[in-house]
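[1] Okay, predicted coordinates and the sequence, questions at the end:
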Amino acid sequence: LPANADVPHGWRDVLGLRLGGDFVVLSSRLSLRAGGFFEAQGQDDRYLGLDFDVAQKIGVSGGATVRLGPVDVAVAYQHTFFGTLDNKGVGNLKALSGDQTSGFRSRQAINGGSLRASLNEAGLAGTFRW
């Protein structure tokens, strides 16, 4: 095996922006919240992989908290839109290989294609106050 079996990722720094707020509808009874975020793409498409999806992301969220006697019940939802990473079938990742003549890597790339995703998250929480 090679002396260095690192897997290149082609990661880069990203810019992220987040904005959100909480609005109290009824004092000590009901509050609503909403927010959103943006993150720039953090990876060169030629190095796309399944370990981390660092495509451009845009997310929107909303939630509420209601006080029911001594219990606060909070609900939340968020949807994240991921951009597509697409290297048009020309990836740069090579698999580890036992072939010394190829530098212990496969001769062909193993990551040609595109990566698409989306994410839905829901939350429910309760807080007992005494």
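    Happy to help now that I have it. Numbering: from 1, shown residues only.
[2] Now residue 16: closest residue in space, sequence neighbours ignored.
    The shortest distance from residue 16 to any residue other than its chain neighbours is 4.5 Å, reached at residue 39 (CB to CB, 6 or more residues apart in numbering). Any C-beta I mention is one placed from the backbone N, CA and C, and that applies to glycine too.
[3] now residue 109
    Using CB to CB, 6+ apart and skipping the chain neighbours, the partner closest in space to residue 109 is residue 91 (3.9 Å).
[4] Just the pLDDT at the one you found, thanks.
    We have a pLDDT of 92 for residue 91.
[5] likewise the one 4 residues further on?
    Looking at residue 95, its pLDDT reads 90.
[6] Low-confidence bits of this protein, can you list those?
    Low-confidence segments of the chain (pLDDT under 70): 1.
[7] can we see that at 90?
    The chain contains residues with pLDDT under 90 at 1-8, 49-53, 96-100, 102-105.
[8] Show me the strands in it, by range?
    Counting by DSSP state E, the chain has these strands, from start to end: 16-26, 30-39, 57-68, 71-82, 85-86, 94-96, 105-109, 114-115, 118-128.
[9] Redo the ones you listed as JSON lines? Include mean neighbour count.
    As requested, the strands of the chain are exported to JSON lines (neighbours: other CB atoms under 10 Å):
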{"stretch": "strand 16-26", "mean neighbour count": "10"}
{"stretch": "strand 30-39", "mean neighbour count": "15"}
{"stretch": "strand 57-68", "mean neighbour count": "16"}
{"stretch": "strand 71-82", "mean neighbour count": "15"}
{"stretch": "strand 85-86", "mean neighbour count": "18"}
{"stretch": "strand 94-96", "mean neighbour count": "14"}
{"stretch": "strand 105-109", "mean neighbour count": "13"}
{"stretch": "strand 114-115", "mean neighbour count": "16"}
{"stretch": "strand 118-128", "mean neighbour count": "10"}
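[10] Quick one, which of those gets closest to residue 50.
    Closest approach to residue 50 among the strands of the chain is made by strand 114-115 (7.6 Å; CB to CB).
[11] Sheet partners, orientation included, of the closest one?
    Paired with strand 114-115 in the same sheet, following DSSP bridges, are strand 85-86 (antiparallel).
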